[in-house]
Structures are given as C-alpha cells and as structure tokens.
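J.: everything below, folded, please.
(2 chains)
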Number of protein chains: 2
Amino acid sequence: MKVRELGEFGLIELIADIVGKSSKHGLVLGIGDDAAAWHADKSIQIGTTDILVQDVHFNLSTITWRDLGWKALAVNLSDIAAMGGTPGYALVSLGLPPDTEVDDIVKLYRGMKAIARKYDVEIVGGNISKAPVVIVDVSLIGKASKTLLTRSAASVGDQIAVTGYLGQSAAGLRMLKSGLKFDRKTTALLREAHLRPIPRVAEGQTLILQGVKAAIDLSDGLMSDLPHICKASQLGAKVWIHKLPIHPLMKSTFKDEALGLALSGGEDYELLFTAKSNVIQKLQNIMSIPVTAIGEIVSDHPGQVTLCDRQGKAVVKWDKRGWEHFKSLRRNKK
Amino acid sequence: MKVRELGEFGLIELIADIVGKSSKHGLVLGIGDDAAAWHADKSIQIGTTDILVQDVHFNLSTITWRDLGWKALAVNLSDIAAMGGTPGYALVSLGLPPDTEVDDIVKLYRGMKAIARKYDVEIVGGNISKAPVVIVDVSLIGKASKTLLTRSAASVGDQIAVTGYLGQSAAGLRMLKSGLKFDRKTTALLREAHLRPIPRVAEGQTLILQGVKAAIDLSDGLMSDLPHICKASQLGAKVWIHKLPIHPLMKSTFKDEALGLALSGGEDYELLFTAKSNVIQKLQNIMSIPVTAIGEIVSDHPGQVTLCDRQGKAVVKWDKRGWEHFKSLRRNKK
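T.: Just a heads-up that it's a prediction; the model follows:
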C-alpha cells in the first residue's frame, strides 16, 4: 500500500501502534496532540537534531528501511553521547514521496523503535509531510548532570583518545556502493559499522564520571571533527597516525587505503575526547570497548591538526579537503 | 555567494552571528557543540516539530526568505500555544540545495530571529544538510504548568470557540499563487495572514488560566482540525456555519467562497477550543483579539463534525475531502 493510499492520519495511527504505549516515567503526552509533554527535573536538559536526506546521506539501494530507522536515531544518540548525557525523548519529522510503501514506513519505525528501546528513548511525536525525497529528521532531548563534555574544554598536555575503531563505516559505504565482495566476517563488520552504528552513550557517561571534560562524536571523520575541538579550545592537535585504531580486517582488506579511511572516512560515531594520560589509561581498563590514545593537544598552531609519524615528525599538513559538507558532499552538522 | 562557496561551517558561523549570544536564563550551551543544553525546572516540558518543504508548504516565488523564517518558527509556536505552554528553545534543521544564496539564509535566520525575539525563544542549535529542495524543520521545546490544553478533554455541553478570523491564510495563498489584485488593505490582510501568521501563545496561556481544557491550533483548517478534538474526546461536534468569524474584507472580496475558505482553508494558526459558554463569554471580555463561539460539542456521532444552518439543521455531511495531506497535498502533522 502506498502512503498516498493510506493517508497521513492512517500512517500516524500505524506509527503510534509501532511506537507503542509508553511506560516511561515522566511522560505526560506522547503522539497524538499538538506537542509532546514530559516532566523535567532539576538536571540540565540537552537537545540535538540531525537530518538524513535520501541520496545525500543514504541510498535506498544500499540501506534497508529498518536500518535507516536505526541510523536516524543513532546519529542523534551519538550527539547526546558526545555531551555525556542521557537520551530521553525523540521527535521525528518525516518527509515522504507519496509513492512510499506504507510497509517501508513500518520497517523504518521498527528500526527506530529497536534502538529507542535499547537506549531507553521514548518516541513522543513528530510530523509527516510530502517531500520529493525521503527525509528523516530526528530531534532528541536528553539530560545531563551538572557536567557536560564540550568541544571547548581541551587543555594543553591532554592526550587525544578515541573509542572503538576508525574508518569502518566509510569502508562499508564503499563496499555497498561499489558492490565489493569480501569474506563473510569482513562484510558483516563493514556493513554493521555503516548501517547500524552503535552510539557510545554509556561510554560518554563514563567519561564524565572519570573527569573528562572535552569530547566530540566522530560523525564527519577524525580530520573534520578534531579541528572542532581545536577551534573551540583555541589549541592545536598532533595526531600520531601509526596509533590510529584500525581493525585488523580493515588493514588486511584495504591495506594502504585504510589510513585515509580512518582519518577522513566519517560516520564512525565513536567518541573522540581529550584527557590526561593517566585518565585514558584508567578508561582503557574499565571500558569494554577499545580506547586508544592517538595524539596530544598542543599550544602551537591553535585550531590546526598536524599528522605526525612514528618519530613525531609532521608528515601531512591537512588541507581542509573533505572538511565541509557542501564542498565535499559529506554529511555534516553544527 | 552560494552556499556551496561559503561552505557549511562558514554558514554556521554566519548563523551563530545572526542568532546572537544568548542572555536567556538557564541556557548552558547554544550553537557550536554536539547538542544544545539548558537547565530545566520542575514544570512539564513540551516538545513539537514541524517541517516546511519547498513546493509542498511554500513556494519561493510567493514567500520571501525572511517570511519563510518567520513562518517556520510560527507554525511550531502555534503548537506550543495549543498546549497552553511557554516556548523556550528551538533547534533548526536546514536542507539546502548547494546553489542557495548565502544571503537568503541570512534573511531566513533574520526572520526566525525576529519572531524568536518576540516570543522569547532561543535558537540553540540544529544542523545543515544538502538537499534537493529547501527544507526548514524546526523543533521547539517549551514548558507548561501542570495543566495542558489537550485534544481529548472536550466535554458534552461545551461550546466550540475560535480566536481571530478564519480563511485569510488560504485566501492569501490563492492571491499570491494566482496573482490576484485587491485593494491595499485587503492585500495586506491576506498577505500577512498567509506569510506571517501570529501564533496565539499568550492566548493559549489565558485559556489555561480560565480553566479551558481542550484546544488545538488550526493548521490544517477547521474541518480537518476539529475532528481531531472529536476523535480524541470521542464526542461529536456541531458547527454553526453562520457564526464563523470571517473578516469583512474576506466577505466582500471572496463572497460565497469565503465560507469554504474559512471551513477548510488551513494555516490560520488560530486556536480552536471548547469550554462552557460562560467561560467563552469571559474570554471574549478579557482577550484583545476576537473570540467567537462557532458550535457545540455533542454526544451523538462521536468523531464527526456536522455543519448546521441558522435553524440548527444539518446542511452538510463533511466527507473527508481535504482531510489528509497525501490525498490533498495540504500540509499536515501529527
């Protein structure tokens, strides 16, 4: 059945069914009124929004509707994670061509519901509109304790660290777009990385608990996102390229190209943060995912990132290629 | 200069300049980090989102960028008004074709900033993406006291009332689309109604104070929005068509067509509410805009709206024409 045939209100009823009745503490009104409503408490509230546009951020030939739903919420969860916050309530704006299959919207919401359940998020409202391409825009409201992870809190003497591995999502995109064939394990690794990213929400909260102050999520790629920290903190950064965490299957599959994917691939949704080395060591002990020191915050060249080799020699002056969305066509945000 | 030339981050800096440094009490972090953050208090928080898509909800040949900015926030403010809430913080997602003029985005944000200032709203973040058409998706977070205006709270014996006049926005759209020429006063009236709607935020709060329980904003038109109240409250409604508030200039200009525009025109962003007749009388005394009783809530035909003439005789059985977005191409939402 086409969306045009079911009509908007039929579609909303269907979505309300999938989203389900809430048992979330504090919810006053969910889907079905002019706005959603919930009780707040004395913590800091945080809000973020991130839009996915068909043929800009995703292609329906390489992502399923269910994975699209997952990812649309995941990218927002990653922003909440990068603040050290706890996600709470989501509003979902959909733009849909009238010929969209209703069944596909069911799959989209099932994917969103799956990740919402995992992260204790309540989908409380939104709106649906006709549009020339599929648009999924999620706004996510969360809360935080008095401390937030910000981009401006890096200090000289901090090391720079990242969670997980880098470059797999971009490699996955390349695999899906070009129809590359790899062994089952590699295929699964790259596919999951690109289509079903795991936002590091618990890890962001752990960072806060361990006294970390500065963090960002890697949505646009290390070489796009680290400069945000440098600029906001008015400091420079050195990255030790031989330290970048690249998965063994990435290295064996993409060889020399793996480094470029790790540096500028984007959409890893790992956390990049800065902290004293002893804090990073402690985090390496207590976290269940890899935490890797990949560089240091320095006072010279504020706002700039320098890539260094094993001997600490600057090997690349990054030239801003790929930094910005409209120039590079890469997804991006404030 | 094209958006493509300035690049996304240049555009974000420009927007941050327009939006300005905040002095809003409670704001922790505005534009420039992974998410915005603000302190909450013990009240109920409310959230809404509404998307405007080029050539679906607006046409750049009939709306200026500045008015588009105004309207994108106004339609969300109207949803907060319909809950009786106080707006607080806005997140703005933009989808832009790369050829968009940067100057136009400046105008867009100036329009948003103008209405934000008027309603004490802080624009705290958002994101920008490439898109095939212009998309402006605003999420607005506000708060409310313990009482909310809901769609489900109408009671038998309530009268149905609306603020302001009906049908002017749809008439304005027709004028702009078809290039109709009217006298200066009529032109200004219709133009303002369509391009720069005035959300009834203070009025929504007054409704709460006077004990009103049920309300909705008229975004899709009386005959689309009143059934939401009927359905949610599981009651019927009678509308006295001779009582509909139609501006004298509308009557003299559109004659017999004025009634149809008032019934189903949409985008008036007036409040429709139900209350006992003495409450409505009191509201008529204390409000500075017209408040008109236009019908009554009844127990028969739950979910249905019946149009009645001066003698109370049912004259039209409304047949759902124009009710739904995908069927009618009218803008709509949850």
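J.: pLDDT value on A:Gly7, please?
T.: Reported pLDDT at A:Gly7 in the predicted model: 72.
J.: against chain B, how distant is it?
T.: Remark: distance between A:Gly7 and chain B (CB to the nearest CB, to the nearest Å) = 4 Å. Yep, even glycine has a C-beta here, placed from its N, CA and C like the rest.
J.: okay, now that residue: neighbour count?
T.: By other CB atoms under 10 Å in any protein chain shown, 19 other residues sit near A:Gly7.
J.: that one and B:Leu218: what is the separation?
T.: 20 Å (CB to CB, to the nearest Å).
J.: A:Leu148 now?
T.: The gap separating A:Leu148 from B:Leu218 is 39 Å, by CB to CB.
J.: more neighbours: those two, which one.
T.: Between A:Leu148 and B:Leu218, counting by other CB under 10 Å, B:Leu218 is the more crowded of the two (26 against 23).
J.: wait, the more buried one touches B:Tyr269, no?
T.: Yes. Contact criterion CB atoms under 8 Å: B:Leu218 and B:Tyr269 qualify, at 6.5 Å.
J.: could you pull up phi and psi at A:Pro227?
T.: Per-residue torsions, A:Pro227: phi -60, psi -30 (degrees, to the nearest 10).
J.: what's the local residue count around it?
T.: Neighbours of A:Pro227 under the rule other CB under 10 Å: 21.
J.: find the nearest non-adjacent residue to it, please.
T.: Spatial nearest neighbour of A:Pro227, excluding adjacent residues (CB to CB, 6 or more residues apart in numbering or on different chains): A:Val305 at 5.6 Å.
J.: quick one, helices of the stretch 1-150 of chain A?
T.: A:3-6, A:8-19, A:65-81, A:102-118 (DSSP state H, counting those that start in this stretch).
J.: could you tell me the least trusted of those?
T.: helix A:8-19 has the lowest average pLDDT among these, namely a mean of 74.
J.: tilt between it and helix A:102-118?
T.: Relative orientation of helix A:8-19 and helix A:102-118, computed by axes from the mean of the first three to the mean of the last three CA atoms, to 10 degrees: 40 degrees.
J.: for helix A:8-19, packing partners?
T.: Contact here means 3 or more CB pairs under 8 Å, 6 or more residues apart in numbering or on different chains; DSSP states H and E; on that basis helix A:8-19 packs against helix A:102-118, strand A:122-130, helix B:325-328.
J.: any chance of those in TSV, plus mean neighbour count?
T.: What follows is these, written out as TSV (neighbours: other CB atoms under 10 Å in any protein chain shown):
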stretch	mean neighbour count
helix A:102-118	19
strand A:122-130	26
helix B:325-328	22
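J.: indicate which one of those is closest to A:Lys255.
T.: helix A:102-118 (33.0 Å; CB to CB).
J.: export that closest one as PDB, just CAs?
T.: Coordinates of each C-alpha in helix A:102-118 appear next as PDB, following Å, rounded to 0.1, in the frame of the first residue of the first chain:
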ATOM      1  CA  VAL A 102       3.500   2.100   4.000                       C
ATOM      2  CA  ASP A 103       5.200  -1.200   4.800                       C
ATOM      3  CA  ASP A 104       8.500   0.600   4.400                       C
ATOM      4  CA  ILE A 105       7.500   3.200   7.000                       C
ATOM      5  CA  VAL A 106       6.500   0.300   9.300                       C
ATOM      6  CA  LYS A 107      10.100  -1.100   8.900                       C
ATOM      7  CA  LEU A 108      11.600   2.400   9.400                       C
ATOM      8  CA  TYR A 109       9.800   2.800  12.700                       C
ATOM      9  CA  ARG A 110      10.600  -0.700  13.800                       C
ATOM     10  CA  GLY A 111      14.300   0.100  13.300                       C
ATOM     11  CA  MET A 112      13.900   3.300  15.300                       C
ATOM     12  CA  LYS A 113      11.900   1.500  18.000                       C
ATOM     13  CA  ALA A 114      14.600  -1.200  18.300                       C
ATOM     14  CA  ILE A 115      17.300   1.300  19.000                       C
ATOM     15  CA  ALA A 116      15.000   3.500  21.100                       C
ATOM     16  CA  ARG A 117      14.200   0.500  23.400                       C
ATOM     17  CA  LYS A 118      17.900  -0.300  23.700                       C
END
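J.: with that, I have no additional questions.
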